[in-house]
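Q: Sequence and predicted structure below; questions after.
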Amino acid sequence: MSDIIEGSSSEIINIYKKRKENNKYEILSEGNNYAFIGEKGFMSYQIIHITPPVGLIDYIDAMVLDLK
């Protein structure tokens, strides 16, 4: 499942800073205008992309089903 949130670049940067400070999340990859963040212990990811004056966050959740 994926949800996309758009907003001003300053709002998205503030969310990114909060995620970076929170030890619940880890930065998996990072560049000048993007970050790929994972929630530790889960298959839950966030892709943050900034292109001033706007930015977006793509929330991605996945799960594994054991059908044995």
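A: It's in. All figures in this text were calculated on a predicted structure; none of them were measured in a lab.
Q: what's the offset of the helix or strand encompassing residue 14 from the middle of its chain?
A: Taking DSSP states H and E as the definition, residue 14 sits inside helix 9-21. Centre-to-centre, helix 9-21 and its host chain are 10 Å apart (CA atoms, centre = their mean, to the nearest Å).
Q: does the residue nearest in space to the middle of the chain have beta-bridge partners, and which?
A: Nearest residue to the geometric centre of the chain (CA atoms, centre = their mean): residue 46, 2.0 Å. Going by DSSP bridges, residue 46 is paired in beta bridges with residue 37, residue 59.
Q: you'd agree it is up against residue 61?
A: No - with contacts counted by CB atoms under 8 Å, residue 46 stays clear of residue 61, the gap being 10.0 Å. All C-beta atoms are positioned from the backbone trio N, CA, C, and that covers glycine.
Q: What helices and strands are in contact with the lowest-mean-pLDDT helix or strand in the chain?
A: Every helix and strand of the chain was ranked by mean pLDDT, DSSP states H and E. The lowest is strand 2-8, at a mean of 93. Applying 3 or more CB pairs under 8 Å, 6 or more residues apart in numbering; DSSP states H and E, one finds that strand 2-8 contacts strand 54-61.
Q: Can you check what angle separates the strand it packs on from strand 2-8?
A: Strand 54-61 and strand 2-8 are oriented at 160 degrees to each other (axes from the mean of the first three to the mean of the last three CA atoms, to 10 degrees).
Q: Just the buried positions in strand 54-61, please.
A: Of all the residues in strand 54-61, those buried under the rule 16 or more other CB atoms under 10 Å are 55, 57.
Q: outside of that strand, which residues touch it?
A: Applying CB atoms under 8 Å, 6 or more residues apart in numbering, the contact partners of strand 54-61 are 1-9, 11-13, 15, 43-49.
Q: What number of residues are in the vicinity of residue 26?
A: If you count neighbours by other CB atoms under 10 Å, residue 26 ends up with 13.
Q: before we move on, the earlier item: tell me the angle the least confident helix or strand of the chain makes with helix 9-21.
A: Going by the same axes, to 10 degrees, strand 2-8 makes 120 degrees with helix 9-21.
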